[in-house]
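>>> have a look; sequence and predicted model below, questions after that.
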Amino acid sequence: MTLIAALFGAVIGAAIGSLIGALFLMLATKWVVGTSLGYGKAYGLVFVVYIVSGLVAAILFVMSGTTDPAAVQTFNLSNGLGWLIGLLFGGYWYGSHISDANGGDIGFGKGILVALAIIVISIVISVVLGLLLGGTAAMMGVAGAGG
């Protein structure tokens, strides 16, 4: 795959992922900061974090010297560092662009808490969907085996 195609795919993926990520950011901001965030602003913030995190992860992947595309899907040092840098950048970006009740920026500390809340929301939803879909598939398999 050419570099241009990979970058184009990453931008499209970030744009689509940000549609849901914005909802998670809105919820996380409400929980951590206690203020509401509009969908448009949330989308823009999440999109920037996804693009920067993706670029950092891609650079670390290339620097690791790995040529196996499957390594992107496993947890390794470059993925771990990419995740950590993405978390720190998210904390900075959210902290400097989300306002508290007084109109001031929430700062890096609360920005990190917002980023962590997004991760928790994502994990919980993934587990619930996995259980629901896995349970449904298992039930269908059992029902299909009996019929």
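Okay, I see it. Numbers count the residues shown, from 1 in each chain.
>>> for L23, give me its contacts.
With contact taken as C-beta atoms under 8 Å, 6 or more residues apart in numbering, L23 is in contact with Y39, A42. (Each C-beta comes from the backbone N, C-alpha and C, glycine too.)
>>> now do the SS call for it.
Following DSSP: H, G, I helix; E, B strand; the rest coil, we place L23 in the helix state.
>>> who are the contact partners of the residue nearest to V56 when sequence neighbours are not counted?
Taking C-beta to C-beta, 6 or more residues apart in numbering as the measure, V56 lies nearest to I85, with 4.9 Å between them; neighbours along the chain are not counted. Contact analysis of I85 by C-beta under 8 Å, 6+ apart lists S53, V56, L60.
>>> send the alpha carbons of the one helix or strand I85 maps to over as CSV?
Using DSSP states H and E, I85 sits in helix 77-97. As requested, C-alpha coordinates have been extracted for helix 77-97 and formatted as CSV (Å, rounded to 0.1, in the frame of the first residue of the first chain):
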residue,chain,number,x,y,z
LEU,A,77,6.6,-1.3,22.9
SER,A,78,5.8,0.9,20.0
ASN,A,79,2.0,0.5,20.5
GLY,A,80,2.4,1.1,24.2
LEU,A,81,4.4,4.2,23.7
GLY,A,82,1.9,5.4,21.0
TRP,A,83,-1.0,4.8,23.4
LEU,A,84,0.8,6.7,26.3
ILE,A,85,1.8,9.6,24.0
GLY,A,86,-1.8,9.7,22.7
LEU,A,87,-3.1,9.8,26.3
LEU,A,88,-0.8,12.6,27.2
PHE,A,89,-1.5,14.6,24.1
GLY,A,90,-5.2,14.1,24.6
GLY,A,91,-4.9,15.4,28.2
TYR,A,92,-3.1,18.4,26.9
TRP,A,93,-5.4,19.1,24.0
TYR,A,94,-8.6,18.6,26.0
GLY,A,95,-7.2,20.5,28.9
SER,A,96,-6.4,23.5,26.8
HIS,A,97,-9.6,23.5,24.7
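>>> before I go, just wanted to say thanks for your time.
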